[in-house]
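In: Next comes the sequence, and after it the predicted model I'd like to discuss.
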Amino acid sequence: MKRLTILVLAVIGLCVLGFERTRAQKAPAPPETLIRNGTVLTITHGVLANTDVLIRRGKIAAIGKNLKAAADARVIDATGKYVMPGIIDCHSHSMLDAINEGTVSVSSMARTRDVLNPNDADLYRELAGGVTTLNLLHGSANSIGGQTTTVKIKYGRPVEDFIFPGAPPGIKFALGENPKRSSSTPQAGQQRRYPATRMGVEETIRDAFVRARDYKKSWDEYRAAVAKGDKNAIPPRRDLQLEPLVEILEGKRYVHSHCYRADEILMLINIADEFGFKVRTFQHVLEGYKVAKEIAQHGAGASTFADFWGYKIEAYDAIAYNTAIMVRHGVVTSVNSDSNERARRLNIEAAKAMRYGDLTEEEALKLITMNPAWQLGVQDRVGSIEVGKDADLAIWTAHPLSVYARVETTFVDGEVFFDRQQDIARRTELEKERATLEQAEPNRPANRGPAPGAPRGRRPSDLDDDMWEGRP
């Protein structure tokens, strides 16, 4: 009888889950949406007061005053509110079921796309903060880490719907304490993984590109032979570790590199120059102010923290003016979260950077919109409010750089994926549902026996960059 009860409850649970998933599948968007009479922060063309934005088929169709919309269009009154492009987080680990493949020094064959969890609650909370696009990075346990994934936050949809179509592929590198495993102690009897020093990190990266260059040459020679009609040509053996590095050499894959110290930033620039590729972004880059000129000359961007440092020895030399100094030297700079907490308030991170470094309002807003869009190679699609771009937008109750501002509505490709009023209306219903589930027999504590094991913990927001792997 008990088994039957559990089975019935399980079926009920699946039905509830199915209902929730069905509810999460947003109703088809109307053919047009008209956001009327808001203050539009275009990012690239100034601030437009009392202006309308017309959305049609997922794109921004028109911007101006007194726009006309179809009779069945959804009309949103934005009087007294602010309309801004969706925030872009250039360094995120949300929706990843694994962060580091830390068993080897070069894990370029590992793909974050294989471990995406579309049900991660952080995604919904980020939508509530106006975030619409994420750069999902492998961790920093490796000199050359795994492949990145750029996603749009379409919470409640199948995982395939999250993938940002046409976004250039990327890969994570890491320099300094993390890849040399300064805070990691091998178990008894185990040998410490190479590299264990900064010079070993540099050698690991250089060695990988020497092998990738040779691998590329062998394929180039094979293809040339085939093109000449050589029917006896034998293709080289595929190497999944080296193929992504060849794409870097060919300019087809972006390098996003974790770093802190100025010397290691220059080291990677020198390696990139040696092998003829460009670093797309230096991540964290807390000593970027020391070498801002060199970063700009190389053509790299910087994705940094506004005021997060001092949590380990190589993060001690950060200053509050880092962001502004890099901006003034022409570095395309953004602020990133690297945590589930800061991602929900990246607008405040931008406000801090503006206050510390005397940036203009437009420069501060670019830190979380247009600049990270460029860093991900999607600046033609998102990052500003312009006709023809994707309708990834957020409506704010006040200026987004204010600590009092809240997001009312977040659009991704013209569809509403967060609505504050609907969220508030559903809270009582969800509380009742939670209470019912807690009383279900499988969820009640056992009368005797050991206590159930603790669930896998969540990554603390203040833990050192990407090193956490689900420890309690």
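Out: Structure's in. What do you need? Residues are numbered from 1 along each chain as shown.
In: Quick check: the gap between residue 179 and residue 258.
Out: For residue 179, the distance to residue 258 (C-beta to C-beta, to the nearest Å) stands at 8 Å. Quick note: C-beta positions are derived from backbone N, CA and C, even for glycine.
In: A helix includes residue 204, no?
Out: Yes - according to DSSP: H, G, I helix; E, B strand; the rest coil, residue 204 belongs to a helix.
In: burial measure for it, as a count.
Out: Counted with other C-beta atoms under 10 Å, residues neighbouring residue 204 total 19.
In: now swap in residue 397 and tell me
Out: Using other C-beta under 10 Å, residue 397 has 15 neighbouring residues.
In: Just confirm it contacts residue 406, I think it does.
Out: Yes - in this structure residue 397 lies within contact range of residue 406 using C-beta atoms under 8 Å: 4.8 Å.
In: residue contacts, residue 173?
Out: Residue 173 makes contact with 143, 144, 145, 205, 255, 256, 257, 258, 268, 279 under the criterion C-beta atoms under 8 Å, 6 or more residues apart in numbering.
In: Could you measure from the closest residue to residue 34 other than its chain neighbours over to residue 54?
Out: Closest residue to residue 34 apart from its sequence neighbours, by C-beta to C-beta, 6 or more residues apart in numbering: residue 69 at 4.0 Å. Distance, residue 69 to residue 54, by C-beta to C-beta: 6 Å.
In: Name the residues contacting each of the two.
Out: 32, 33, 34.
In: could you redo the contacts of residue 173 as a markdown table and give each row neighbour count?
Out: Below are these laid out as a markdown table (neighbours: other C-beta atoms under 10 Å):
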| residue | neighbour count |
| --- | --- |
| 143 | 27 |
| 144 | 27 |
| 145 | 31 |
| 205 | 26 |
| 255 | 21 |
| 256 | 26 |
| 257 | 28 |
| 258 | 28 |
| 268 | 21 |
| 279 | 23 |
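In: between those residues, which is nearest residue 332?
Out: Nearest to residue 332 among the contacts of residue 173: residue 279, at 12.0 Å, using C-beta to C-beta.
In: three-state assignment of the closest one?
Out: Here residue 279 is recorded as coil under three-state DSSP.
In: Near the closest residue to it other than its chain neighbours, how many other residues are there?
Out: Nearest in space to residue 279, with sequence neighbours left out and distances taken as C-beta to C-beta, 6+ apart, is residue 300 at 4.4 Å. Residue 300 has 25 neighbours, counted by other C-beta under 10 Å.
In: Next one, pLDDT for residue 300 please.
Out: At residue 300, the model reports a pLDDT of 98.
In: which ones are touching it?
Out: Residue 300 touches 269, 278, 279, 280, 281, 282, 331, counting by C-beta under 8 Å, 6+ apart.
In: And for residue 83?
Out: Applying C-beta under 8 Å, 6+ apart, the residues near residue 83 are 35, 38, 39, 40, 41, 53, 385, 393, 394, 395, 396.
In: what residues are up against the closest residue to residue 144 other than its chain neighbours?
Out: Leaving aside its chain neighbours, residue 144 sits nearest to residue 106 (4.5 Å; criterion: C-beta to C-beta, 6+ apart). The contact partners of residue 106, taken as C-beta under 8 Å, 6+ apart, are 142, 143, 144, 204, 208, 241.
In: Relative to residue 194, how far out is the fourth one?
Out: Shown here: residue 204 relative to residue 194, a distance of 7 Å by C-beta to C-beta.
In: shared neighbours of the two, which are they?
Out: Both residue 204 and residue 194 are contacted by residue 105, under the criterion C-beta under 8 Å, 6+ apart.
In: Reformat the shared contacts of residue 69 and residue 54 as TSV; add pLDDT and secondary structure.
Out: Shown next, in TSV, are these (pLDDT from 0 to 100; DSSP: H, G, I helix; E, B strand; the rest coil):
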residue	pLDDT	secondary structure
32	95	strand
33	97	strand
34	98	strand
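In: and of those residues, the nearest to residue 158?
Out: Among the shared contacts of residue 69 and residue 54, and counting by C-beta to C-beta, the member closest to residue 158 is residue 33, at 23.3 Å.
In: what about the nearest residue to that closest one once chain neighbours are set aside, which helix or strand?
Out: Spatial nearest neighbour of residue 33, chain neighbours left out: residue 55 (4.2 Å); criterion: C-beta to C-beta, 6+ apart. Using DSSP states H and E, residue 55 sits in strand 47-56.
In: Considering only helices and strands, which part of this protein has the lowest mean pLDDT?
Out: Across the helices and strands of the chain, mean confidence by mean pLDDT, DSSP states H and E is lowest for helix 2-24: a mean of 45.
In: Residue 91 looks like it's in a strand, true?
Out: Yes - looking at residue 91 with three-state DSSP, it is inside a strand.
In: That one contacts residue 337, doesn't it?
Out: Yes - with contact defined as C-beta under 8 Å, residue 91 counts as touching residue 337 (6.6 Å).
In: quick one: residue 386 and residue 45 touch, right?
Out: Yes - between residue 386 and residue 45 there is a contact at 7.2 Å, judged by C-beta under 8 Å.
In: before we move on, back to that, what residues are bridge-paired with the residue nearest to residue 33?
Out: Counting by DSSP bridges, residue 55 is bridged to residue 33, residue 60.
In: Now do the contacts for it.
Out: Per C-beta under 8 Å, 6+ apart, neighbours of residue 55: 32, 33, 34, 35, 61, 391, 393, 411, 414.
In: Now render those as TSV, adding distance to residue 296 and neighbour count.
Out: Below are the contacts of residue 55 laid out as TSV (distance: C-beta to C-beta, whole Å; neighbours: other C-beta atoms under 10 Å):
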residue	distance to residue 296	neighbour count
32	42	21
33	40	24
34	41	23
35	37	27
61	36	19
391	33	26
393	31	26
411	34	27
414	36	22
